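Novice: Here's a sequence, model it:
(2 chains)
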Amino acid sequence: MTAPGSQPARQGARSLDPHLRRYARRTAGMTASEIRALFAVASRPEVVSLAGGMPHLAALPLESLSAEVGQLIASDGLVALQYGSAQGVPELREQICEIMALEGISAHPDDVVVTVGSQMALDMVTRIFCDPGDVVLAEGPSYVGALGSFAAYQANVVHVTMDDAGLVPEALREAIVTAVERGQRPKFLYTIPNFHNPAGVTLAAERRAEILDICAEHEVLVIEDNPYGLLGFDGQTYPALRSMDADNVVYLGSFSKTFASGLRVGWALAPHAVREKLVLAAESATLCPPTFNQLVVSRYLSTHDWKGQIKTYREAYRERRDAMLGALEQHMPPGCTWTRPTGGFYVWLTAPEGVDTKAMLPRAITQRVAYASGTGFYADRLGSRQMRLSYCYPTPERIREGVRRLANVLEDELELYRTFGSVPGREVSGPQAPSPDTA
Amino acid sequence: MSDRWVAVLAGGLSHEREVSLRSGRRLSAALRATGLMVEEWDADASLLARLREQRPDAVVVALHGGEGENGSIQAVLEMLGVPFVGSDSRACRRAWDKPSAKAELARAGLSTPDWVVLPHSTFRELGAQAVLDAMVDRLGLPMVLKPDQGGSALGARVVREASELPAAMVGCLAYGETVLAERFVDGVEVAVTVLEGSEGPEPLPAVEIVPDSGIYDYTARYTAGLTEFHAPARLDPTTAAAVGELAVAAHRLLGLRDISRTDAVVAPDGTVQFLEVNVSPGLTETSLLPMAVEASGRSLGDVFAALVERAVAHDTR
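Specialist: Model prediction:
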């Protein structure tokens, strides 16, 4: 790589990052990404973004919230703007227990730790349980933010197969046994039982006890992440795993989907000893969750019809889900399959053989539609044929238009596949994806 | 504070929007530091009305890819009679289409790696494998595939084995309908900024690019620390002069104006080979043009402030 007449290296070489040799090894994957850069375009209004999971905040009663926030500062400003407890505001923790009771959980406020969104809870749980190289189990596919936390602590993710009824118990047992045989007992199972992100499926009620039994039998902790549990379109709730096992489940909840994502208020409910460690971990991470935001949530829960608000959200999301499923039926080329969620935000679409949804994204952006490609939801590069479609934010009309554009993109991509045939090197996601035909 | 005010156009809807926003922010800060009043505008549906109503003294186009480099925005500015920094719409169109620019410069006697240009339809109609085989016969391996238009190495791939070609083609064709396949030259990669002043176009010191991975792709371009740069490039005086001459020749032959950046490679046999030219080069923290400006002993703000004055002075051009 040296031209004739070139000179040896001399001082003056620039790497543009003088700290390069100081970074921890875990930063190795923190690089600029061609695909991530494309999402700058997705935020433009010309693009129908089916990529992000932004809640439909336009449904909130902003005027009365505004008055409530003003009153909070006027009456309790010196408390709201002050440091608080690392565990969270006591009255909010009591209210959180009332919310969890809707899904069958009986809990004491002392065992609740308020966090900066449930993402922080995920980070802390991983921090206190995982050493580098530890194995954690997660559904395949799984929430990209959880995979990011696991990667940050250098844990190895083993995905467990799902089908239309959620996590497959036998597959879970097999994954645990295989890991144990390799001398790596999994530290925990991370699961999103209700209206899964990104798969859109729900763990069948009859599987829940079995999943808990398998984990208890093999001494594997369960991390239950349940941000969407109250967003079932027919109003149905499922018994939380935590409601069936108080000792071996750490439960993560959030106000991001049921109230306001920008406040970043979530929580963890954990067995006493674990809760103690979480509080200490939280203290070192943030000192305390934002007092102001906690009090906003607390006042909202006290003064507003929050259950009615959740019903409003549910109806809006059901309308959007219907728009998406209708448009998919109408426009998608043969060979595409997708899940049919009964709650939550997401449809998980599997494209025909040969399509690589990550490679296809620039074409989609050109045609002014965006989605989340499937590989981001796996730690092992599977998911190349899949994509997550969010229906939570765009209006039904925009969703229909977005799906129409996406169908055209897929048609073009399929034509490329017909031209170039089987493309070696592509990962094929097979059994790890939920079975959309029967969802 | 000068009373001159400038609109920096950044963002847009091309695949390079993020890079452009970063370029725009950096350029705006640099221009403000020279005392100019600067606003950053996106290229969206409000742009024409803003240009008409607010009439900036000059516009600097920091849009990358698509409308910002193919002459479209420049044509609009010309229609409205708004002075702007950079090449006019016709020159932008000539430079934007990489195969056309290569052909034009090759005709003028400049060296450029051998290439073929093929749309997707050719592969579809003639049979992909036969065409791919012919490409390998002609260009050998490794070869470089890139979209015939666009920048930031988006969609570009270095293909080392024939078996990698179909996947690379599909990745490349996601960015456009036509692929430029080029013989890979394993040499010293350099970027040469050409700056026009009262003496005409002059080359700034070449910047030598040494990516850790060996490939100067999107990640290597925009992750600080993944590429080592040498400015000026580690070239002997004769070769350094030759790369400068090549960049100035490209600038002149394509009719470019004010500022451009030519990417080239110094082959093992010492020849300097033209790769492509950029009419709206990146101005981010990891971009090549600011390094060249710094290596020349100037500041980015002063260089562009002078170009703004030049644009205003030549408003009738």
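Novice: Count the neighbours of residue B:76 for me.
Specialist: Using other CB atoms under 10 Å in any protein chain shown, residue B:76 has 18 neighbouring residues. For glycine as for every other residue, the C-beta is placed from the backbone atoms N, C-alpha and C.
Novice: tell me the domain ranges of the chain?
Specialist: Just so you know, I chose chain A. Segmentation of chain A into domains, based on the TED database, reads A:25-53+A:308-417, A:82-303.
Novice: my bad, the chain I had in mind was chain B
Specialist: Here the domain parsing of chain B from the TED database is B:5-86+B:310-316, B:94-110+B:186-297, B:115-183.
Novice: For the least confident helix or strand in chain B by mean pLDDT, which helices and strands make contact with it?
Specialist: None of the helices or strands of chain B scores lower by mean pLDDT, DSSP states H and E than helix B:218-222, at a mean of 91. Judged by 3 or more CB pairs under 8 Å, 6 or more residues apart in numbering or on different chains; DSSP states H and E, helix B:218-222 is in contact with helix A:34-42.
Novice: and the helix it packs on, anywhere near chain B?
Specialist: Yes - judged by CB under 8 Å from any CB of the partner chain, helix A:34-42 comes into contact with chain B through A:34, A:37, A:38, A:40, A:41.
Novice: quick one: strands adjacent to the next helix or strand along the chain from that helix?
Specialist: Under the assignment DSSP states H and E, the closest C-terminal helix or strand after helix A:34-42 is strand A:48-49. Using DSSP bridges, the neighbouring strands of strand A:48-49 in the sheet come out as strand A:369-370 (parallel).
Novice: Rounded mean pLDDT for the helix or strand just after the partner strand, please.
Specialist: Reading on from strand A:369-370 to the C-terminus, the next helix or strand found by DSSP H and E is strand A:372-373. Average pLDDT, strand A:372-373: 96.
Novice: which strands and helices sit next to strand A:372-373?
Specialist: So strand A:372-373, by 3+ CB pairs under 8 Å, 6+ apart, packs with helix A:357-366, strand A:386-390.
Novice: run the last query once more with 10 Å
Specialist: In terms of contacts (3 or more CB pairs under 10 Å, 6 or more residues apart in numbering or on different chains; DSSP states H and E), strand A:372-373 is packed against helix A:34-42, helix A:357-366, strand A:386-390.
Novice: Flag every buried residue along stretch B:281-295.
Specialist: B:281-284, B:286-295 (16 or more other CB atoms under 10 Å in any protein chain shown).
Novice: er, stretch B:19-31 actually
Specialist: B:19, B:20, B:21, B:22, B:23, B:24, B:25, B:26, B:27, B:28, B:30, B:31.
Novice: bridging residues for residue A:167?
Specialist: Following DSSP bridges, residue A:167 is listed with bridge partners residue A:162.
Novice: how many neighbours does it have?
Specialist: 28.
Novice: follow-up on the earlier one: tabulate the buried residues of stretch B:19-31 (CSV), appending distance to chain A, pLDDT and secondary structure.
Specialist: Listed next are those as CSV, based on distance: CB to the nearest CB, whole Å; pLDDT from 0 to 100; DSSP: H, G, I helix; E, B strand; the rest coil:
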residue, distance to chain A, pLDDT, secondary structure
B:19, 7, 94, helix
B:20, 9, 96, helix
B:21, 7, 96, helix
B:22, 10, 96, helix
B:23, 12, 97, helix
B:24, 12, 98, helix
B:25, 13, 98, helix
B:26, 13, 98, helix
B:27, 17, 98, helix
B:28, 17, 98, helix
B:30, 17, 98, helix
B:31, 22, 98, helix
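Novice: of all these, which two lie farthest apart?
Specialist: B:19 and B:31 (18.4 Å; CB to CB).
Novice: which stretches of the stretch 251-400 of chain A form strands?
Specialist: For the stretch 251-400 of chain A, applying DSSP state E, counting those that start in this stretch gives strands covering A:266-269, A:337-338, A:346-350, A:369-370, A:372-373, A:386-390.
Novice: Out of those strands, which one sits most buried?
Specialist: Using mean count of other CB atoms under 10 Å in any protein chain shown, the stretch among those with the largest mean neighbour count is strand A:386-390, at a mean of 28.
Novice: Kindly export it (C-alpha atoms) in CSV.
Specialist: Output in CSV follows, covering the C-alpha atoms of strand A:386-390 (Å, rounded to 0.1, in the frame of the first residue of the first chain):
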residue,chain,number,x,y,z
GLN,A,386,-37.5,-9.9,9.1
MET,A,387,-38.5,-6.3,9.9
ARG,A,388,-40.4,-4.6,12.7
LEU,A,389,-43.2,-2.4,11.6
SER,A,390,-44.5,0.1,14.2
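Novice: re the thing from before, out of the helices and strands packed on strand A:372-373, flag the one nearest residue A:412.
Specialist: Taking the helices and strands packed on strand A:372-373 one by one with CB to CB, helix A:357-366 is closest: 6.2 Å.
Novice: Burial check on residue 93, number of neighbours?
Specialist: Went with chain A since none was named. 23.
Novice: that's the wrong chain, I wanted chain B
Specialist: 19.
Novice: got a pLDDT number for it?
Specialist: 96.
Novice: Next SSE downstream of the helix or strand containing residue B:292?
Specialist: Residue B:292 belongs to helix B:288-295 when assigned by DSSP H and E. Heading C-terminal from helix B:288-295, the first helix or strand you meet, by DSSP H and E, is helix B:300-313.
Novice: Would you mind getting the angle between that following helix and helix B:288-295?
Specialist: 100 degrees (axes from the mean of the first three to the mean of the last three CA atoms, to 10 degrees).
Novice: Tell me the helices and strands packed up against helix B:300-313.
Specialist: Against helix B:300-313 (3+ CB pairs under 10 Å, 6+ apart) you get strand B:5-9, helix B:17-33, strand B:37-41, strand B:58-61, strand B:84-85, strand B:188-197, strand B:259-266, helix B:288-295.
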